[in-house]
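In: what's the 3D shape of this:
(chains A and B)
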Amino acid sequence: KQEVTQIPAALSVPEGENLVLNCSFTDSAIYNLQWFRQDPGKGLTSLLLIQSSQREQTSGRLNASLDKSSGRSTLYIAASQPGDSATYLCAHGNQGGKLIFGQGTELSVKP
Amino acid sequence: DTAVSQTPKYLVTQMGNDKSIKCEQNLGHDTMYWYKQDSKKFLKIMFSYNNKELIINETVPNRFSPKSPDKAHLNLHINSLELGDSAVYFCASSLAGVQETQYFGPGTRLLVL
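Out: Residues are numbered from 1 along each chain as shown, chains lettered A, B, ... in the order given. A predicted model of the protein is given here:
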C-alpha cells in the first residue's frame, strides 16, 4: 500500500526559529518528491521538487532533502517568519504523474 | 494572469442534483488533473488527462465524469450528488512527464445538503 506520512501533524514555533518537517513514504519506486504549501481556503503552491536521482533542493530559506533508501524527506525552514504559517504537504510522484499526498503539517509561527 | 482557474469557487447544492466544475489553465500545459480534498484535508487524485486523453482514473464512482474539450480545459461533471461528495476539488496542470511540477487551482468547495 502506498502511504505518505507526515510528522508532526501540527507545529507551533516562535518567530526566528529554524525548523524541520518530516515526510516518510513506503513506495521505493518514486519518480520525485514534492513539497507544497497550502494557505487556509486556498490552493496548493509548489515549493520544491526533488527528482528521484537528486538528494536535495534549495529555494531561499527552504531546503528539502530526499533519501529514497530510507523512504524519507525533510523540509528545513530557516529563520521562520509569521508569513510561513500554513499547512505543508509532501507528495511523491508515480507513473503517469500521479501524486500521493501526506496529510500535511500545520505550521504556526508566532510573532 | 497565468494560472490555473476554477469555477465556481463555492457550490452548495441538494442531494441528487447534477453539477459541473470547470477548470482552465493558460500555462501551455498538456496534462491536467482533478484531486479531491476531504474533510480531514487528505488530498487524493481522481483523474488525469494528457492531450485530452484519459491517463489516470482512480477508483472514482462513475457518477464523476471528466471532460476535456481541449488541452487547456478539464471539466468535472458529477451526477446524482451524494452527501459524501462534499469536499474541496482541486484542478492542477503540468507539462507532460513524471518529473514536472504540478500547478494547482484555488479549489472548488462543494457542499451537498
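In: residue B:22 contacts residue B:72, correct?
Out: No. Between residue B:22 and residue B:72 there is no contact, the gap being 11.2 Å when judged by C-beta atoms under 8 Å. Yep, even glycine has a C-beta here, placed from its N, CA and C like the rest.
In: now list whatever residues contact both of those two.
Out: By C-beta atoms under 8 Å, 6 or more residues apart in numbering or on different chains, residue B:22 and residue B:72 have no common neighbours.
In: now do the worst-scoring helix or strand of chain B on mean pLDDT: which elements does it pack against?
Out: Here the helix or strand of chain B ranked lowest by mean pLDDT, DSSP states H and E is strand B:53-57, holding a mean of 82. Packing contacts for strand B:53-57, counted by 3 or more C-beta pairs under 8 Å, 6 or more residues apart in numbering or on different chains; DSSP states H and E, involve strand B:43-50.
In: the strand it packs on pairs with which strands, and in what direction?
Out: Here strand B:43-50 is paired, per DSSP bridges, with strand B:31-37 (antiparallel), strand B:53-57 (antiparallel).
In: mean confidence score for that strand?
Out: Strand B:43-50 shows a mean pLDDT of 90.
In: what residues does it touch?
Out: Against strand B:43-50 from outside (C-beta under 8 Å, 6+ apart): A:44, A:89, A:91, A:96-101, B:30-38, B:54-58, B:60, B:64, B:66, B:68, B:74, B:76, B:90, B:96.
In: gap between residue A:84 and chain B?
Out: For residue A:84, the distance to chain B equals 18 Å [C-beta to the nearest C-beta, to the nearest Å].
In: mind listing what that residue touches?
Out: Here residue A:84 is in contact with A:77, A:107, A:109 (criterion: C-beta under 8 Å, 6+ apart).
In: tell me who's in contact with the last one.
Out: To tie it back to what came earlier, the one meant is residue A:109. A:12-15, A:17, A:80-85.
In: of those residues, closest to chain B?
Out: residue A:85 (15.4 Å; C-beta to the nearest C-beta).
In: now the least confident helix or strand of chain B: buried residues?
Out: Residues of strand B:53-57 classed as buried by neighbour count (16 or more other C-beta atoms under 10 Å in any protein chain shown): B:55-56.
In: stretch A:66-86 too?
Out: A:66, A:68, A:71, A:73-75, A:77, A:80, A:84-86.
In: if anything else comes up later, I'll come back, but that's it for now.
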